[in-house]
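**Student:** Prediction below, plus the sequence it came from.
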Amino acid sequence: MTRMEFMKILRNELRKLPPEEIVAATEFFEEYLDDALEALNVDGLTEEEAQNLREETEERLIREIGSPRAVAKQIRAEYASRILEGEESGGKTKASVGSRISAVWWVIIGICSAPVSIPVAICIGCVAFGIIVTVLSIMISIYSGIIGAAIGGICALVMGCLAIPTVLSTAALLIGIGLITLALAAAAGVGAYIGTRELIRWLARLGRSINEKRRLKKLNKMTGGAGYETAQ
Amino acid sequence: MGFKIESSLLDACALAILKRGDTYGYEITQEMKGAIAVSESTLYPVLRRLQKEGYCRTYDQPHQGRNRRYYTITEKGEQKLAEYRAEWETYRGAVEKLLYNEDDRRLAIERGETK
């Protein structure tokens, strides 16, 4: 790999970092190579031999530094950890200037679009509220249905028992209906319980994953992938 | 050199090199490589971190028609180095005690020194 190829890949791998980080990194490695070549002893060599030696050495040095992708990964990881520690929150970097500008833009866009966005936001809120109320009412109706069936079953059972001394066939019918209703209510109760539990678990998982994704997205935006690995 | 160097130890070594006088990237790497197994790609992030945390500053000086970036330790960096040196003394003492202690455990128990 030549020096130009190395620097091109390095720059490309660091493209999501602030420009000053990219410049500092490439300058460091350019300078390192220049200094290493300068340190070569070329006394007693012809200009051609010296040039050959320099080219060979440069190739060897680049091999020793290793893959520019791996180098970039280390630089991104260092940048990410620095950002997470809040070392650059002073607003000195171009990235924070950029994000401040975009924040201003968001405010302007927000104000201009208020006539549309506020009703839209109210709409979305109403729909969400409607969905929540619907789900809750469905759950309440299922539970009350089950409770009603259970009460009905018990009543049928009691009536059946009371009817034993008078009409035996009617008593048997009532007891039968009561038992079947109770069994169905018990089965539906177990089903409703499991359903509710799963729904709550699913909601909890959804909430967690949305949070996690937002965090990772923020990190990845800053570091172009390195953050994903550190956060994992 | 089979020991993996931890990043705060790298910070400490780099600060110690800078403490002996201003120097540039290539020289720092050469000095580090003379003592411990470390690559340029590990060292650059170390120097960048030290710089961003205010432990060292850089200045450019023209050299043979190009720029050379010199690193110089700050007062904050010197304080940090002193801290690192003190920590290292404690750490080294503890590790050496562990590493070179060849007292037979059974004999020590017989003498009633330990439980």
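**Tutor:** Here it is on my side, so go on.
**Student:** tell me, what residue is most central in chain B?
**Tutor:** B:Cys13 (2.4 Å; C-alpha atoms, centre = their mean).
**Student:** Spatially nearest residue to that residue (excluding sequence neighbours)?
**Tutor:** With sequence-adjacent residues excluded and distances taken as C-beta to C-beta, 6 or more residues apart in numbering or on different chains, B:Cys13 is closest to B:Met32, at 6.2 Å. Heads up, the C-betas are built off the backbone N, CA and C, glycines and all.
**Student:** So that neighbour is in contact with B:Glu40, correct?
**Tutor:** No. Contact criterion C-beta atoms under 8 Å: B:Met32 and B:Glu40 do not qualify, at 9.4 Å.
**Student:** so B:Arg68 is in which element?
**Tutor:** strand B:66-73 (DSSP states H and E).
**Student:** With chain A in mind, check whether that strand reaches it.
**Tutor:** Yes. Judged by C-beta under 8 Å from any C-beta of the partner chain, strand B:66-73 comes into contact with chain A at B:66-69.
**Student:** out of these, which are buried?
**Tutor:** B:68-69 (16 or more other C-beta atoms under 10 Å in any protein chain shown).
**Student:** coming back round to it: could you dump the strand holding B:Arg68 to CSV, C-alpha only?
**Tutor:** What follows is strand B:66-73, C-alpha atoms only, in CSV (Å, rounded to 0.1, in the frame of the first residue of the first chain):
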residue,chain,number,x,y,z
ARG,B,66,7.4,21.1,5.9
ASN,B,67,5.8,21.3,9.3
ARG,B,68,6.8,19.5,12.4
ARG,B,69,4.4,19.4,15.3
TYR,B,70,6.1,19.6,18.6
TYR,B,71,4.4,18.4,21.8
THR,B,72,5.1,20.2,25.1
ILE,B,73,3.9,19.3,28.5
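**Student:** what about it, distance to the chain center?
**Tutor:** Chain-centre distance of strand B:66-73: 20 Å, with C-alpha atoms, centre = their mean, to the nearest Å.
**Student:** Chain A contacts on chain B?
**Tutor:** B:24-27, B:29, B:39-42, B:44-45, B:47-49, B:52-53, B:64, B:66-69.
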